[in-house]
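Novice: sequence first, then the predicted structure, then my questions.
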Amino acid sequence: MKDEITRDERIDNLKGMGCSRKRVEDARFTQGKGNYVDDVKLDGMLFGDFVRSPYAHARITNIDSAAALEVPGVLAVLTAKDLEPLGLHWMPTLAGDKQMVLADGKVLFQGQEVAFVVAEDRYAAADGIEAVEVDYEELPVIVDPFESLKSDVILREDTVDENGRPTDGAHGPRNHPNHIFTWEAGDKAPTEEVLANAEIVAEESMYYHRTHPCPLETCGCVASMDKVNGKLTLWGTFQAPHAIRTIVSLISGIEEHNIRVISPDIGGGFGNKVGAYPGYVCSVVASIVTGKPVKWIEDRMDNLMTTAFARDYWMKGKISATKEGKITGLHCHVTADHGGFDACADPTKFPAGFMNICTGSYDIPTAYLAVDGVYTNKAPGGVSYRCSFRVTEAVYFIERMIEVLAIKLNMDAAELRRINFIKKEQFPYKAALGWEYDSGDYHTAWDKALKTVDYEGLRAEQAQRVEDFKAGKTRKLMGIGLSFFTEIVGAGPVKNCDILGLGMFDSCEIRIHPTGSAIARLGTISQGQGHATTFAQILASEIGLPADSITIEEGDTDTAPYGLGTYGSRSTPVAGAATAMAGRKIRAKAQMIAAYLLEVHDNDVEFDVDRFVVKGAPERFKTMKEVAFAAYNQAIPGIEPGLEAVSYYDPPNMTYPFGAYVCVMDIDVDTGVPDIRRFYALDDCGTRINPMIIEGQVHGGLTEALAVALGQEIAYDDMGNCKTGTLMDFFLPTAWEVPNYETDYTVTPSPHHPIGAKGVGESPHVGGVPCFSNAVQDAFRAFGNTHTNMPHDHWRIWKTANELGLHD
Ligand code: PCD
């Protein structure tokens, strides 16, 4: 048979790997036809909302719900006392701690959930909340983790014995009632020795401030208990729907097959929607109690003040080097403020996430890291806001330490990086703090970046600017921000990564329909990343059916295979790998069918784009579409009918995407206003599935990096009042602040991933934050600045200029 189209055209028709295929999900989003949790509207649905504590630390002496129950439309008011008989007044956190669902005798942070009012609609619930009378007895407030570790005030009475001594925590012994854990990596004594004998040592303390993922859509759920069938359905903004199903089963006692968790469309997650929140538990209980569906949706203040903060790391570093700039050792100590409960979302064995990637992209022979977790009177959380578990903290730390060391050495920071990068031939590279980096080519990426921006030219311009400034010719300084990052994504190998005992594999199940189209279901869940587009592309290339003929479905635990969900840029490294592997199983069976149809031996056919071809006789072939039909209508000896496959993929290692970023900024020293003139971002995420989606991911991640570096902050006053609980105070950048981003790439495939792909969604944030921050700091380098803390809002930048005497 003669082919009417060329091989290249056949490849194009698939819209497979490497194609900037338009996002299939956007048809509904751009027409307002998305289906978010608040769009779920059920007959007789009730609305639940929280009475929240105005105090950051107080004892509750009484809760009087009588007046609230008189409010028209209010049906019930739940307190810890109501939940206690069910054992649901506390719940386990992902970090091995436990957390009050509703205040049990005291509150530990402002905004804490005290009572749950269930009403016929949101307005009645709001009136009911106003009418609940709670008597508080104020207690001393601790917002500073260093104070906390010295204080006599015991925040968590449930974590001390009868003599007030701390009991052991989930991660070992605790040395103070307000201490949560100490976690160490690397070699302490050898590192200290290297530092003591080093030619050059640079030291710096830095605070990576508390912030918040703040997705456009807040968290929420609808719980619906069908008492007739004993089935609970829970719709919600869950980044890990299967894990939520297991947790709900474990804490409620409802058998897991009777629970169906559905993540509908999600309006951004960014880590905010990984954990389990009191609102979920209360909605489920309220639905069981009332026999009606119950909806709970956070408002913006609830979201910012109570769920899922990120960062809040006080980091102290020492880095040593030879006079020539070869780094010899790194020491890092972190005091981690976890708020009132340790509700960090990290793999169980990593209470400080992957902070031990803090040696960054550099070949550092000796290193040591210790992290102390501390309770304070702040909201719980500790999620990985657009970074794999604490990687943004790690990369910020090392990228600042490099700059500080460059100052100490009086050396160019780009050159210092270059001479310390892990070399291409050193991969797979075993880092001093334990990780094995899969692949990288840092020098090539760095050289490409510096060349593209004309780095030398920029430095010359900057030197001239300093001259002009000193001569009174300009009031604007110029900063060149550099960063080189290595991310660690794709948690993870089940051998060391689990959440609550659930191994962090992921899955894909494929069914090919007789007419040659398909559905694939995955254990992950898109929150805007475009999985329905990209996973179909992986499959198109693997099985030779057009991406347009493949439906991707995620987020319904009744239909999707078990998986650990989407966060930590794990979907591509783990579920993406499962997709390729399941596709290969399909292909293997299809090959046998094709061979049968072509009347040759299995080994005599080979796969080519969209068909199986007889080796040496390219005119004899069966297309995948034909094979699919045959799978359903031919009785093939020794082969079952149908064409389906499932893969549960346990990755052998993480993937290590990397990138080189440069930011050029002008800073007005009299107003403190930065003007980002140029932002260049080179990303290497291995094999690229959809370049357009990657570019979108980079734009989004950089914009969140800009936010965090230049203003976004969850701040508290001494009384524990959250000062940034609305979008008036919490900085979300708009088109006004966002510069034009130049994106670029190199391709260094992951050697262990079936298609060589690494994650990319978080990378731009991880690399972006230090890049923006370094640009601000670099502008003041010539005037004696070594380090100032983020966020670099106008006021703080102005203050830096002022402290350096630039306003005199
Ligand atoms: N890709 C491609 N290629 C490659 C890679 C990748 O294409 N090589 C693509 C994929 O497919 C998808 C994306 O891209 O679509 C992404 O991916 P990844 O990296 O894998 O990731 P995922 O897992 O999917 O996702 C996750 C991420 C995260 S993590 C975050 S934060 C964020 C990011 O994602 N989020 C979000 N991005 C985004 N976007 C949107 N739109 N939204 C959202 O929400 Mo975390 O941990 O949670 O914190």
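Specialist: Arrived safely.
Novice: state the helix or strand in which the closest residue in space to residue 115 that isn't next to it in sequence lies.
Specialist: Nearest in space to residue 115, with sequence neighbours left out and distances taken as Cβ to Cβ, 6 or more residues apart in numbering, is residue 51 at 4.1 Å. C-beta coordinates here come from the backbone N, C-alpha and C atoms, glycine included. Taking DSSP states H and E as the definition, one finds residue 51 inside strand 46-52.
Novice: how about the CA coordinates for that strand, as PDB?
Specialist: Provided in PDB are the C-alpha atoms of strand 46-52 (Å, rounded to 0.1, in the frame of the first residue of the first chain):
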ATOM      1  CA  LEU A  46     -25.800  23.400  53.400                       C
ATOM      2  CA  PHE A  47     -23.000  25.800  54.000                       C
ATOM      3  CA  GLY A  48     -20.400  25.600  56.800                       C
ATOM      4  CA  ASP A  49     -18.100  28.300  58.100                       C
ATOM      5  CA  PHE A  50     -15.700  28.900  61.000                       C
ATOM      6  CA  VAL A  51     -15.800  30.900  64.200                       C
ATOM      7  CA  ARG A  52     -12.100  31.900  64.300                       C
END
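Novice: which helices and strands does that strand pack with?
Specialist: If you count contacts as 3 or more Cβ pairs under 8 Å, 6 or more residues apart in numbering; DSSP states H and E, strand 46-52 packs onto strand 113-119, helix 122-131, helix 278-290, strand 294-297, helix 300-306.
Novice: go ahead and name everything in contact with the third one.
Specialist: Contacting residues not belonging to helix 278-290 are listed as 46, 48, 50, 75-76, 78, 82-83, 86, 88, 91, 99-102, 113, 116, 118, 219-225, 232, 234, 236, 244, 248, 251-252, 293-296, 298 [Cβ atoms under 8 Å, 6 or more residues apart in numbering].
Novice: hmm, try it at 6 Å
Specialist: By Cβ atoms under 6 Å, 6 or more residues apart in numbering, the residues outside helix 278-290 that reach it are 48, 88, 91, 101, 113, 116, 118, 221, 223-225, 294, 296.
Novice: which of those lies closest to the ligand?
Specialist: Comparing these against the ligand with Cβ to the nearest ligand atom places residue 221 closest, at 17.4 Å.
Novice: hey, what's the closest one bridged with?
Specialist: Bridge pairing for residue 221 (DSSP bridges) gives the partners residue 236, residue 296.
Novice: residue numbers of this structure in contact with the ligand?
Specialist: Residues of the chain lying close to the ligand by Cβ under 6 Å from any ligand atom are 239, 268-271, 384-386, 527-531, 534, 566-572, 685-690, 693-694, 697, 700, 757-762.
Novice: follow-up on the earlier one: so what's the residue count around the residue nearest to residue 115?
Specialist: 25 (other Cβ atoms under 10 Å).
Novice: quick check: closest non-adjacent residue to residue 764.
Specialist: Leaving aside its chain neighbours, residue 764 sits nearest to residue 701 (3.0 Å; criterion: Cβ to Cβ, 6+ apart).
Novice: list the contacts for the one you found?
Specialist: Contact analysis of residue 701 by Cβ under 6 Å, 6+ apart lists 386, 764-765.
Novice: confidence score at the closest residue to residue 455 other than its chain neighbours?
Specialist: Computed as Cβ to Cβ, 6+ apart, the closest residue to residue 455 that is not its neighbour in sequence is residue 414, at 6.1 Å. For residue 414, the pLDDT comes out at 98.
Novice: swap in residue 808?
Specialist: The model's pLDDT for residue 808 equals 86.
Novice: and residue 27, how far from the ligand?
Specialist: To the ligand, residue 27 is 16 Å away according to Cβ to the nearest ligand atom, to the nearest Å.
Novice: kindly report the same for residue 630.
Specialist: Distance from residue 630 to the ligand, by Cβ to the nearest ligand atom: 31 Å.
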